[in-house]
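Q: Show me the folded form of this:
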Amino acid sequence: MRARMPGLLLAASAAIIAWLVHLALPFVPLLTAAVVLGILVAQIPAVRPALVGVLAPGLEVASRHLLRLGIVLLGLKLSLVDIAALGWVSILTTIAVVVLTFVGTIGLGRALGLPGHQPVLVASGFSICGASAIGAMAAALRARDEEQAVPVALVTLCGTLAIAVLPALWNPLGLSQTGFGHWVGAGVHDVGQVVATAQVAGTTALAVAVVVKLTRVLMLAPMVAITVAIERRRPTDATAVRTALVPLFVAGFLAAVLLNTFVPLPDWALTGADWAQTALLAMALFALGASIRFAELARTGWRALVVGLTSWALVAGLAYGAVLLG
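A: Numbering: from 1, shown residues only. Predicted structure coming up:
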């Protein structure tokens, strides 16, 4: 535990700084600030030896174990009752957006030769719930930390751009508050980015966006399970013998969803869980950001950028189509 403390203390300090940034600049989502802070720290030459040395054990705990705990607590944000209130058309179109974006991004990533698990991780981030989904899928597939660097950077970049781009398109596209909220919830990656983007259109748009977004978050469990099942069928894949079909933290996430749906939890418990979930994910995403090196991103070149931007356009286009169908 003593060896892990320096890295954990750094991650906790970074989470507090990200929170202060969010307080000062409310349009910057806390988790996005945590990832960006990690990326910036990783580019400081004087800090890099510590990141791979004395800080590494604690950062590894944050990026793996704290991430999983945060995802379990994320389930307490979801209620099947709220999701059912969207109606079957909205639910089915939201699921379709997730599945089509996921499959399309994987296909493009493999066609362009992205290495290892990167196509699956990019697809998870853009189709489900940003860097949190990348971490969850990486944990389930036992992907290396290096494989997460490009997907996390891409989804952070595009999600941050969405905060400015989508509101600018709200009126030109002729969307109502409800329609804009649905579009944002179905097409923006991280929950915090959804809130930052939708709030410009008012409380109605924000409420719809959050419920639609959490419906996408609920897809995390089946998408992870299906992906792991497919990977296990590949005899050359090392994850075939090491990975459970439904990882324990994914089962915990589903249990938290059911608990929040069927058990009347007191407000103080939900508020405390929300704070804990945010803190854990902020620490974890800082640690993931701290593993990113721009020099390594440059080696992937234009291929990763093309996949990320295309996936962003795909999910936004499909989400807009879902709004029109609804």
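
Q: Hmm, residue 224 is touching residue 138, no?
A: No: Residue 224 lies out of contact with residue 138 (C-beta atoms under 8 Å); the separation is 10.2 Å. Where C-beta positions appear, they are placed from N, C-alpha and C, glycine not excepted.

Q: Let's verify residue 321: helix, strand, or coil?
A: Classification of residue 321 using DSSP: H, G, I helix; E, B strand; the rest coil returns helix.

Q: got a pLDDT number for it?
A: For residue 321, the pLDDT comes out at 92.

Q: any idea how far it lies from residue 99?
A: Distance of residue 321 to residue 99, given as C-beta to C-beta, to the nearest Å: 14 Å.

Q: Name the residues contacting each of the two.
A: Between them, residue 321 and residue 99 share no contacting residue under C-beta atoms under 8 Å, 6 or more residues apart in numbering.

Q: what sits up against stretch 151-166?
A: So stretch 151-166 is in contact with 27, 29, 32, 35-36, 39, 118, 121-122, 124-126, 130-131, 134, 180, 183-184, 187-190, 193, 196-197, 285, 288-289, 292, 297, 304-305, 307-309, 311-312, 316, going by C-beta under 8 Å, 6+ apart.

Q: Can you flag which of these belong to strands?
A: Secondary structure from DSSP state E places none of those in strands.

Q: Tell me the buried residues within those residues.
A: 29, 32, 35-36, 39, 118, 121-122, 124-126, 130-131, 134, 180, 183-184, 187-190, 193, 196-197, 285, 288-289, 292, 297, 304, 307-308, 311-312, 316 (16 or more other C-beta atoms under 10 Å).

Q: hang on, residue 15 packs against residue 277?
A: No: in this structure, residue 15 is not within contact of residue 277 by C-beta under 8 Å, at 11.8 Å.

Q: more neighbours, these two?
A: Applying other C-beta atoms under 10 Å to residue 15 and residue 277 shows that residue 15 carries more neighbours, namely 26 against 21.

Q: quick one, what contacts the closest residue to that one other than its chain neighbours?
A: Excluding the flanking residues, the one nearest residue 15 by C-beta to C-beta, 6 or more residues apart in numbering is residue 282, at 3.8 Å. Listed by C-beta under 8 Å, 6+ apart, the contact set of residue 282 reads 14, 15, 18, 19, 30, 31, 34.
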